[in-house]
Structures are given as C-alpha cells and as structure tokens.
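Trainee: Here is my input, please return the structure:
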Amino acid sequence: MKENKIDNNKSSKIKNFFHCNDFDETKSLTSWFISPKILFIFRGIIFLYSWIVLIGQFVNSAIGQGAGDFFKFFTNLSFIGLTAYFTTAFYHSYRHVTKKHKPLSNQSKILNWLFWLLYHTTVHFSMLIVLTYWLFLSQTFIHGKPPPFRWWLNVSVHGLNFLFTLIEVFLNRQRMVVSFIIFNLIILILYIFIGYINYAVNSQWVYGFLNYNNGYKSALWYIGLFISYTIIYFIMYGIHSLRDYIGKRFGRYKHEHKDDSDSFLPI
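Mentor: Below you'll find the predicted structure:
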C-alpha cells in the first residue's frame, strides 16, 4: 500500500510539473483584444497561406533535390508543425464560432495536451529558425541570386513563419509554461540525431554547424545553439506574460476575476 501511495505521489508530481491537466481550452479559442470570430478569420488566412507555402516548398524541393531531401531540414519540419497547429486551431475556432460550444472539451485530455505542446514548439522554433537562418545561413542563398518564386518561399518559411506566430501569440490567450522547454529540447536533440544519420548516409551535413569534426569550434557552435535556444524560449515566455498583463488591464476580459498565477506559471 505504501509503495502504491509513493508511486501515485510521484506520478501526481510529474503530471503537475508538466501541467498534464492544466490546458485551458477557453484561452485557446478566445482573445484579450478581438472577438472569437475575428480570431477565426485571422487563423483561417494563416491556415490557407501556410498550406500554399508548404505545398510550394515541397514541390520546389522535390523538383530540385528530391522529395526525400525536404524532410531533412529543420525549417521544413518546423513549418509542417506550424501548418498543423494553424490547421487544428482554425478547425476548433470554426466549431467554437459556428456551434457555440467548446469543441476541445469533447476530445481526450492527451490530445488537448499535445495541441498545447504543439503550440509551444510553434512559438519557440519559429523565432529560433528566423534568427539562425538570417544571421548564419542566408548568405549562400542570397549570393546564388535565386528567382522571385524561391525568394517568396524562403521569406515565407524563414520570416513570415515568425510573423504568423507573433500574430497568434498576441491574438489568443494561450499560456506558455516553463517546464515544456524540456520537451522542446528533446525534439531539438532528436533532430540533431537526424542530422547525424543523414551525414552517415550521405556524407553531407544538413547544416554546417552540426559538424562535430571542427574541434573547439564545434563545441562553441553547440554551446551557442543551446544557449540561444534557452534565451529565445524565455523571450517568448516573457512576451506571453506581457500580453496577459496588458490584456488583464485593457482587454475584453479585464473585469473577470483571475488568479495572477493563471496566466503565467513559474514552472
């Protein structure tokens, strides 16, 4: 009996740490500043545009390098996640606006929690991609003098992705919690292993900074990557906190009674 209680306590602590029961569907479907219908429209526009870009990016990769190469780039995988998020968010907003009920309450808690995790990866990785690409990786593309179509695709997946994320962050009321940084880190590490596998198969690095054969420079690259990863996460966390602070003072729900811990949790 004591062992069962200890196991239950450990399980409860883990669930609390990772907020397994804390997803708030209302915050995902409403905004501090606009009506649910306007939020639905914004999500619909981004949903359509992201699918157009994703298809264009895949076709461009398939024609130029082969369809398999599309899935080895972190940018493309992240954009798939972004498209999946806005597709799901648009669908639930549609049901909320047209059916006058909370659609997320009708599905399992694990699906809601995974949707919340997808939100965290979308808002975190979009900024990481934009900064990494334009600071360290864009010169080869720019010097290659690509045609307008490729410029459009490139700016969409390395720029507009972050703009779409910021729009979503400011227009919805979804929380961002610190403990989810662990899951995002696991995803990033798994992708690094994909880079290693690609190098073992093709003898080519997807991104030069993943090359671990450059001595101390490799170590510096990896240290810089994980430091910037952490800083960017907390920048986005701070943006969420600022949005909620402004929303509570001036937004549509400012007269509601809210516990201060409800919008930004310490862990």
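
Trainee: Got the confidence number for residue 13?
Mentor: Looking at residue 13, its pLDDT stands at 79.

Trainee: What's the local residue count around it?
Mentor: By other CB atoms under 10 Å, 10 other residues sit near residue 13. Yep, even glycine has a C-beta here, placed from its N, CA and C like the rest.

Trainee: dump the residue contacts of the closest residue to residue 93 other than its chain neighbours.
Mentor: In space, and not counting its chain neighbours, residue 93 is closest to residue 40: 4.0 Å by CB to CB, 6 or more residues apart in numbering. Residues in contact with residue 40 (CB atoms under 8 Å, 6 or more residues apart in numbering) are 90, 93, 94, 96, 97.

Trainee: now swap in residue 69 and tell me
Mentor: Residue 69 is in contact with residue 61, counting by CB under 8 Å, 6+ apart.

Trainee: what about it, helix or strand, and which?
Mentor: Assigned by DSSP states H and E, residue 69 belongs to helix 67-70.

Trainee: Under the pLDDT cut-off, which ranges of the stretch 101-250 of the chain? List them.
Mentor: The stretch 101-250 of the chain contains residues with pLDDT under 70 at 101-105.

Trainee: Which parts of it are helices?
Mentor: For the stretch 101-250 of the chain, the helices defined by DSSP state H, counting those that start in this stretch cover 109-132, 138-143, 148-155, 161-171, 181-202, 216-250.

Trainee: one step back: check which helices and strands the helix or strand just after the helix holding residue 69 is in contact with.
Mentor: As assigned by DSSP H and E, the chain's next helix or strand after helix 67-70 is helix 74-99. Helix 74-99 makes packing contacts with helix 25-29, helix 36-64, helix 109-132, helix 161-171 when contacts are defined by 3 or more CB pairs under 8 Å, 6 or more residues apart in numbering; DSSP states H and E.

Trainee: re earlier: save the helices of the stretch 101-250 of the chain as CSV, and put in mean neighbour count too.
Mentor: Listed next are the helices of the stretch 101-250 of the chain as CSV, based on neighbours: other CB atoms under 10 Å:
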stretch, mean neighbour count
helix 109-132, 20
helix 138-143, 11
helix 148-155, 14
helix 161-171, 19
helix 181-202, 14
helix 216-250, 15
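
Trainee: Determine which of those approaches residue 208 most closely.
Mentor: Of all the helices of the stretch 101-250 of the chain, it is helix 216-250 that lies closest to residue 208, at 8.7 Å by CB to CB.

Trainee: What distance do you get for residue 122 to residue 31?
Mentor: Separation of residue 122 from residue 31 (CB to CB, to the nearest Å): 17 Å.

Trainee: oh, I was asking about residue 225
Mentor: From residue 225 over to residue 31 the distance is 34 Å, taken as CB to CB.

Trainee: can you check residue 88 too?
Mentor: Distance of residue 88 to residue 31, computed by CB to CB: 17 Å.

Trainee: Over to residue 87?
Mentor: Residue 87 is 19 Å from residue 31, by CB to CB.

Trainee: again, but for residue 184
Mentor: Taking CB to CB as the measure, residue 184 falls 24 Å from residue 31.

Trainee: Of residue 87 and residue 31, give the one with the bigger neighbour count.
Mentor: Legend: neighbour count by other CB under 10 Å for residue 87 and residue 31, higher for residue 31 (20 against 16).
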